[in-house]
Structures are given as structure tokens and as C-alpha cells.
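[1] sequence and predicted structure are below.
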Amino acid sequence: MRYVSTRGASVSLPFNDVLLAGLAFDGGLFVPSEWPALPVGAFDRFADMPYAEVAIEVMWPYVAGTMPQDDFAAIVNDAYAAFDHPDVVPLRDLGDGIFLAELFHGPTLAFKDLALQLVGRLFEYELSRRGERVTIVGATSGDTGSAAVEACRDREAIEIFILHPRGRISEVQRRQMTTVLSLNVHNVAIEGTFDDCQELVKSLFGHEEFRNRHRLSAVNSINWARVMAQIVYYVKVAAVLGRGAESVAFTVPTGNFGNVFAGYCAQKMGTPISQLVVASNRNDIVTRFLETGTMRVGEVHPTLSPSMDIQISSNFERLLFELFDRDGRRVAETMARFRTDGEFTLGADTMAMLRTTWSGGRIDDDQTLDIIRSTWTNQHLLIDPHTAVGLGVAVACRRDPSVPMVCLATAHPAKFPDAVEEATGVRPPLPERMADLFDRPERYKILPNSLDALESHIDTTLLGVAP
Ligand SMILES: *Cc1c(COP(=O)(O)O)cnc(C)c1O
């Protein structure tokens, strides 16, 4: 399998190069040159197979040729052994044909673990094979940082620096990162906002001498390997619910569009998905696009579901490439227009085609609390605010009540205890293995919002001068 750029001006690369490169050289995103079909009869077998075995079969065509299959199988088995639930992604029946697929049984209690637990191991494997090391740098407003720290801790070929805005993330989120005392993990609290942190990371990558000296790298959500890992649960859930013969619908709480795009990939591989529903909070750029045909950037509003407080959904570019029949030049032109004008509009025919599968809906904070409350009252089940947004939109946007509707539950309720308590009066407890999170020692460095200060901190830390 080779990978091409959505902007059409990059050479095609194999999986291991795409893994380490992240973004393509022309600024586009990597996509597979073709969609591999799942083998005939696969769904009948997948229904009762362990999650990791399904994962190996679904992902292998994307990886084949870049490592021995036994090595890949060992990496996948190891990644999903780190999950709390024997099914990895258990399904919960809420009645009326609505299901929750629980994606939060990984080390940091959010769906990003499903991809990052694998990607961290793949990085380590490929870097060791090449005899190389990298320094991963990232900014986080919460979930991504902790999932990346857990994915990279104690890996020999990786040092990781994660910046968070001091005092502006929840205590659970901070502690999930700062109580990891591994020597290769370096948390930095910046005196500033999340945007300041992101700006600092961008500036580090823009400083070419520094970037090359420390071999800076990222594990952000545009990395193809993350999308690839997420395809698996769509296939597995469809196998369990429909055995591949009956179609299934999915509703996905959406931010960067990485999760729901993996649903599209699963469909292209032959998974019978009849509907993909994008669920938004007040930051509803994709939902507005699906309604109007115009993608237009607005302001970011803070909500109870902060991991979806995003105005630019980077992974959408991959769907655009598909909608334009893989015409990279047209994608490049459209993205250039989007950058200068803050918007672009697609034609009525394209939108009509898109709407045969895709729909979208939005839920505000009051409705989010109502849904958490009613799910607690009616089902005796605590759900997190992101999952609540999904559930509310799923009920509103469902087209065919005879088709099972699966809502992806993207975070554990204990990750957002304040919202859950406000809605229900019940504070969701952390899972047992984390029950002492608030007693564990923390380690992090506080720095001013200054590129110089950050660079000298990274320099001295990597020289082994300071912890
Ligand atoms: C990251 C995240 C999302 C958004 O996923 P995308 O792939 O960026 O669309 C939704 N919910 C939670 C809890 C997340 O952490």
C-alpha cells in the first residue's frame, strides 16, 4: 500500500514513512492510494473474534510490506492488552435499537487511547529499527496530552514534551499527565492559554535549526495511523450487531473529524454503514456545513464538552479529497481559499451525494445536562458530556428506526465529573486502578509564555542537566 497526499503534490510513500512524517510535504494529509476490501465472510468471523485479532486483520492491508506480520500482530495485541475491558470496546444496549459503543476503557479514559496506544508502539518499533530517536512536542487542552503521554512513556526512542495552559485544564486531566514520572515524559505548564501553547509549539517547529537538532515530531490527529486504528471499532461493532448483512448507523461526537472519518473508511472497506451522523456542541462548523454546503470558520466557544471546542476540523480535508474524486489540485485550491476567505462552498450535486450518508446535529450545554440527567434517571447510567451530545443528536437525526444506531461514547464520565455532578447530583468515581490519582506525586515545570524559555528548558532537559 502506498499513500498519497490530499493536495496531490507529494510523492507517494509507504506506511512507515507516513507514520513518522505525519503531514505530507505539500501541507496535505496522507490517504491510502486505494481502499482495501474486507475479505468475503469476514463479518461472520469478526463477530465472535477478540478485538485485537479483528484489529490485526482490518489494519494489515494498510501496513503490509513495511514489517513482518508477526511483529505487527504482537504490537497490536500488546496495545489492546492495556485496556480495562475484555471486549476492549464493549457495546451497551439502551433499548429502542440504540447502543453505546464504549471507547473509554483505555489508560486515560478517552477514545484517543484506542489510536495512541497503538501509534506509540508503532513509533517505537520503527524508530528502533532505523536506530533513530525523536522528541515529540505537543500542546493540549486536556485529552490529547494525557493519551500521548501514556502512549509514549518509557519508550526508549522517544522523549515527549507536553504543554498545557497553567490552571486552565481540569485537575483530573492535569494529574493524568503530571503523575507520570517516567524519565522521558516532560510536562510543562505555560502561563497562558491553550492558544498560547499551540503558538509556542508552532514556533518550535518553525525554528528549523532547533527542529532538526532535536528531531522534533508530533502525534497529532492528522496522522494516518490514528485514523487507521479507529476503523477497527466500526467494523467490529457492525459485525457484532449485523453480522455484515444488516446495515448499522453511527453517531460520533466530533471535533477534528478524525473519529467520524474512520467510519467513512470502514464503509469504503465494505462495512454496511447506512448513516454517519456528526454530533456537535455549540461549535458546529461541520453541522452547519452539512446543512448549508458552506464551511465557514467562526469563533470558538467554551462548552461542557471541551474536546469538541474546535472551529477547524483538520481531517475534513480527507473527505474533501474523496468528494473531489481524488483531485489533489482542487483540494489545494479549496484549502487555500479557506485560509484566505475563511470559507468555501460545495455545489448542490456534491452536497446531495454527501447527504445520502452524512447528517449532523447540535446540542447546547443545557440540553447536554438534560441528556445526562435523563440517561441517569431512565437507565441508571452516568455518561460524560461528549457522549451526551452524541446521544441527543442520534435520537434527533436517526433516519430508519429498524437500523441499529450506535453512539460512540468517547469519554468516561469520571473524566468530566463536574458536569456529570451538576446534572445528576452524583460524582462519578474513577476506575479502581486510578482511585489514588489525587494522592500521587506530580512533576511538571512552570514556564512563562516565552519561546526562549521553552527552548532553553528543552535544551537543558535533553542534555540531562535538569530533570
Ligand atoms: C478528541 C475527542 C473528541 C473529538 O474527536 P475527533 O476525532 O477530533 O472528531 C470527542 N470526544 C472526546 C472525549 C475526545 O477526547
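    Yep, it's here.
[2] check contacts around P428.
    P428 sits next to L382, H412, P413, A414, P417, V420, E421 when contact means CB atoms under 8 Å, 6 or more residues apart in numbering. Just so you know, the C-beta spots here come from the backbone N, C-alpha and C atoms, and that holds for glycine as well.
[3] tell me who's in contact with the second one.
    The neighbours of H412, taking CB under 8 Å, 6+ apart as the test, are F104, H105, L109, A110, D384, P428, P431.
[4] buried subset of those?
    Neighbour counting with 16 or more other CB atoms under 10 Å marks F104, H105, L109, A110, D384, P428 as buried within those.
[5] next, the contact list for I273, please.
    Y234, A238, S247, V248, A249, F250, G263, A266, Q267, T357.
[6] try 6 Å
    For I273, the contact set (CB atoms under 6 Å, 6 or more residues apart in numbering) comprises V248, Q267.
[7] per-residue confidence at it?
    We have a pLDDT of 96 for I273.
[8] specify the beta-bridge partners of it.
    V248 (DSSP bridges).
[9] distance of it from the ligand?
    17 Å (CB to the nearest ligand atom, to the nearest Å).
[10] ok, so of the buried ones among the contacts of H412, who is nearest the ligand?
    Distance ranking of the buried ones among the contacts of H412 against the ligand, using CB to the nearest ligand atom, places A110 first at 4.4 Å.
[11] how about the closest one, what does it touch?
    Contacts for A110 (CB under 6 Å, 6+ apart) come out as F104, D143, A411.
[12] list phi and psi for the closest residue in space to T294 that isn't next to it in sequence.
    What sits nearest to T294 in space, not counting adjacent residues and going by CB to CB, 6 or more residues apart in numbering, is T345, at 4.5 Å. Dihedral pair for T345: phi -130, psi 140, per degrees, to the nearest 10.
[13] can you tell me which of the contacts of P428 is nearest R330?
    H412 (40.9 Å; CB to CB).
[14] what lies in contact with the helix or strand bottoming out on mean pLDDT in the chain?
    Every helix and strand of the chain was ranked by mean pLDDT, DSSP states H and E. The lowest is helix 194-206, at a mean of 88. The contact list for helix 194-206 (CB under 6 Å, 6+ apart) reads V137, A139, S141, L163, P165, I190, R211, L216, N449, L451, L454.
[15] the fourth one: how many residues sit nearby?
    L163 is surrounded by 26 other residues when neighbours are defined as other CB atoms under 10 Å.
[16] from S217, how far out is it?
    15 Å (CB to CB, to the nearest Å).
[17] what does E159 give?
    To S217, E159 is 10 Å away according to CB to CB.
[18] quick one: low-confidence parts of the stretch 351-467 of the chain?
    Scanning the stretch 351-467 of the chain with the threshold set as pLDDT under 70 gives 464-467.
[19] I'd say the residue nearest to T294 and R296 touch.
    No. T345 lies out of contact with R296 (CB atoms under 6 Å); the separation is 8.8 Å.
[20] and the least confident helix or strand of the chain, C-alpha only, in CSV?
    Included here for helix 194-206 are C-alpha records, laid out as CSV according to Å, rounded to 0.1, in the frame of the first residue of the first chain:
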residue,chain,number,x,y,z
PHE,A,194,-4.3,26.9,25.1
ASP,A,195,-3.8,29.0,22.0
ASP,A,196,-0.5,30.3,23.5
CYS,A,197,0.6,26.7,24.0
GLN,A,198,-0.3,25.9,20.4
GLU,A,199,1.5,29.0,19.1
LEU,A,200,4.7,28.0,21.1
VAL,A,201,4.6,24.5,19.5
LYS,A,202,4.1,26.0,16.1
SER,A,203,7.1,28.4,16.7
LEU,A,204,9.3,25.5,17.8
PHE,A,205,8.5,23.6,14.6
GLY,A,206,9.1,26.8,12.6
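[21] give me the buried positions along that helix.
    F194, D196, C197, Q198, E199, L200, V201, L204.
[22] who in the stretch 351-467 of the chain is up against the ligand?
    Where the stretch 351-467 of the chain comes near the ligand, counting by CB under 6 Å from any ligand atom, the residues are H386, T410, A411.
[23] how many neighbours does the second one have?
    Put plainly, it is T410. Residues lying near T410 (other CB under 10 Å) number 30.
[24] name all residues that make contact with it.
    Contacts here follow CB under 6 Å, 6+ apart; on that basis T410 touches L103, F111, P253, H386.
[25] dump these to CSV, plus secondary structure and neighbour count.
    Output for the contacts of T410, formatted as CSV (DSSP: H, G, I helix; E, B strand; the rest coil; neighbours: other CB atoms under 10 Å):
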residue, secondary structure, neighbour count
L103, coil, 24
F111, coil, 31
P253, strand, 29
H386, helix, 32
